[in-house]
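Participant: Quick one: sequence plus predicted model below, questions after.
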Amino acid sequence: MAHKQRAGLATAKLAMIHVARRKIGMEEADYRLFLLRMAGVESARDLTEAGFRQVMDGFAHLGFQSDSAARNFGRRPGMAGAGHVAAMRRLWLEYTGGTGTDATLGKWLERTWGVSALRFVTAAHAPKVVAVLKQMVARGAGLTDGAA
């Protein structure tokens, strides 16, 4: 199914942000501050792809669970939840300078954690994976080609 494109994000992604805001019950003024703090923008229309992931990660941290995450991996007991998955993707993108993909993240996960893809990260390992990715980003040793 094709989605209409705006200057930045697909209409479906903008809609997802507004659904998350409503489900969490965030007031308009708080939402604007949230966008500014999470992605440095005043309007969702100004988000980049990386900014979208940061905002959705923030919503996940506040308790929002997207139905799209359920369609991607399902809600599986014992496996990484949507919030951790979003954090891993966001951190990988930051580490790779915006060029990383789920495939390159999967290669790194396989070498480092013995799992070939995000969907196989357990709930027990998810916080550890996020912590290591945060350390990698903090060291500033990011890749520019997305290869791991």
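Facilitator: Alright, I've got the coordinates. Numbering: from 1, shown residues only.
Participant: which element is the closest residue to Leu118 other than its chain neighbours on?
Facilitator: The shortest distance from Leu118 to any non-neighbouring residue, by C-beta to C-beta, 6 or more residues apart in numbering, is to Val85 (5.5 Å). (Each C-beta comes from the backbone N, C-alpha and C, glycine too.) Element membership for Val85 (DSSP states H and E) is helix 82-95.
Participant: Tell me the spacing between the most far-flung residue of the chain relative to its centre and Ala10.
Facilitator: Within the chain, the residue lying farthest from the chain centre (C-alpha atoms, centre = their mean) is Ala29, at 23.3 Å. Using C-beta to C-beta, to the nearest Å, Ala29 is found at 26 Å from Ala10.
Participant: can you pull out the helices in the chain?
Facilitator: Counting by DSSP state H, the chain has helices at residues 11-24, 28-39, 49-61, 67-72, 82-95, 102-113, 126-139.
Participant: Quick check: Arg21 touching Tyr31?
Facilitator: Yes. Taking contacts as C-beta atoms under 8 Å, Arg21 lies within contact range of Tyr31: 5.2 Å.
Participant: Of the two, which one has the most company?
Facilitator: Arg21 (21 against 18; other C-beta atoms under 10 Å).
Participant: Pull the contacting residues for that one.
Facilitator: Tyr31, Phe59 (C-beta atoms under 8 Å, 6 or more residues apart in numbering).
Participant: and if we set it to 10 Å?
Facilitator: Contact analysis of Arg21 by C-beta atoms under 10 Å, 6 or more residues apart in numbering lists Glu27, Glu28, Asp30, Tyr31, Phe34, Leu35, Ala44, Val55, Phe59, Leu62, Phe64.
Participant: what are the phi and psi values for the first one?
Facilitator: Same thing as Glu27. Backbone torsions for Glu27, taken as degrees, to the nearest 10, come to phi -70, psi 160.
Participant: now it: how far from Gly100?
Facilitator: From Glu27 to Gly100 the distance is 34 Å (C-beta to C-beta).
Participant: And those two? Which one has more around it.
Facilitator: Neighbours were counted for Glu27 and for Gly100 using other C-beta under 10 Å; Gly100 has more, 22 against 10.
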